[in-house]
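Visitor: Test case, fold it:
(chains A and B)
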Amino acid sequence: GENVEQHPSTLSVQEGDSAVIKCTYSDSASNYFPWYKQELGKRPQLIIDIRSNVGEKKDQRIAVTLNKTAKHFSLHITETQPEDSAVYFCAASIEGGATNKLIFGTGTLLAVQP
Amino acid sequence: DSGVTQTPKHLITATGQRVTLRCSPRSGDLSVYWYQQSLDQGLQFLIQYYNGEERAKGNILERFSAQQFPDLHSELNLSSLELGDSALYFCASSVVPGKGYTFGSGTRLTVV
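Guide: Reported below is the predicted structural model:
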């Protein structure tokens, strides 16, 4: 089955710096890669996603890149702010597959220091 | 409000007991997924239902079971509870299986 590895497990940056979180997936059939942000004690919330027919997607300070050949995808946050502090999860699935579910990485705790 | 409703929000129970967690998906969503999140852990997939049928199983213990009813709400039953079952249990729903989905606020289960 699908396995998603995520690095680093913790990341501390200064406010205004960039943060990069990387994930690797195992199932080459995976074609949908969302990223979720989870604040302490709250539900994970979708922040951005990318499909396998696209190499990069941006939404304001957040961008995601996908390398299908290497089965890698990454989250880039620029100009970080204290409110970006949270746990970030990457995930992979086969979109539209009747029996498929999102498999999540182990999470990255991002701390943005003021 | 995400549109996915989970009840109860908090549950404290003793070892050996049985509890039922409930999830109502967003209107129109046919797929329901259950995840377990232990302290400082990631999101472990338990089970998926689609329009009343079980579609996929993950790391779900035999002591746990789930079902999805005709009105599409789902229940996760946890029995013979152990201390290690203490966790946040999330339900999520989606229109299309595998597409990015919406999580409920979770049920925090504490087994004492």
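
Visitor: Those residues of chain B touching chain A, which are they?
Guide: B:2, B:33, B:35, B:41-43, B:45, B:48, B:50, B:55-56, B:58, B:90, B:96-106 (CB under 8 Å from any CB of the partner chain). C-betas here are computed from N, CA, C, even on glycine.

Visitor: Please enumerate the strands of chain B.
Guide: Using DSSP state E, the strands found in chain B span residues B:5-7, B:10-13, B:19-24, B:31-37, B:44-50, B:53-57, B:64-68, B:74-78, B:87-94, B:102-103, B:107-111.

Visitor: In TSV, list these along with mean neighbour count and mean pLDDT.
Guide: Below are the strands of chain B laid out as TSV (neighbours: other CB atoms under 10 Å in any protein chain shown; pLDDT from 0 to 100):
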stretch	mean neighbour count	mean pLDDT
strand B:5-7	17	97
strand B:10-13	14	97
strand B:19-24	20	98
strand B:31-37	25	94
strand B:44-50	22	92
strand B:53-57	15	91
strand B:64-68	19	97
strand B:74-78	20	98
strand B:87-94	24	94
strand B:102-103	20	92
strand B:107-111	18	97
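
Visitor: could I get those strands as CSV with distance to residue A:6?
Guide: Formatted as CSV, the strands of chain B follow (distance: least, CB to CB, whole Å):
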stretch, distance to residue A:6
strand B:5-7, 25
strand B:10-13, 29
strand B:19-24, 26
strand B:31-37, 15
strand B:44-50, 14
strand B:53-57, 21
strand B:64-68, 26
strand B:74-78, 26
strand B:87-94, 18
strand B:102-103, 18
strand B:107-111, 24
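
Visitor: Select, out of the ones you listed, the one closest to residue A:107.
Guide: strand B:31-37 (9.4 Å; CB to CB).

Visitor: for that closest one, packing partners?
Guide: The helices and strands touching strand B:31-37, judged by 3 or more CB pairs under 8 Å, 6 or more residues apart in numbering or on different chains; DSSP states H and E, are strand B:44-50, strand B:74-78, strand B:87-94.

Visitor: same thing but 10 Å
Guide: strand B:19-24, strand B:44-50, strand B:53-57, strand B:64-68, strand B:74-78, strand B:87-94 (3 or more CB pairs under 10 Å, 6 or more residues apart in numbering or on different chains; DSSP states H and E).

Visitor: Report the strands that pair with the fifth one, each with its relative direction.
Guide: Pairing partners of strand B:74-78, with direction, according to DSSP bridges: strand B:19-24 (antiparallel), strand B:64-68 (antiparallel).

Visitor: Next: the last one.
Guide: Each strand that strand B:87-94 pairs with, and the sense of that pairing, follows from DSSP bridges: strand B:31-37 (antiparallel), strand B:102-103 (antiparallel), strand B:107-111 (antiparallel).

Visitor: export those to a markdown table and tack on distance to residue A:79?
Guide: Converted to a markdown table, the strands paired with strand B:87-94 look like this (distance: least, CB to CB, whole Å):
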| stretch | distance to residue A:79 |
| --- | --- |
| strand B:31-37 | 29 |
| strand B:102-103 | 27 |
| strand B:107-111 | 34 |
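
Visitor: Residue B:94 contacts residue B:51, correct?
Guide: No. Applying CB atoms under 10 Å as the test, residue B:94 and residue B:51 come out as separate, 12.0 Å apart.

Visitor: Mind listing the shared neighbours of these two?
Guide: B:30-32 (CB atoms under 10 Å, 6 or more residues apart in numbering or on different chains).

Visitor: between the residues you listed, which is closest to chain A?
Guide: Chain A lies nearest to residue B:31 out of these, by CB to the nearest CB, at 8.5 Å.
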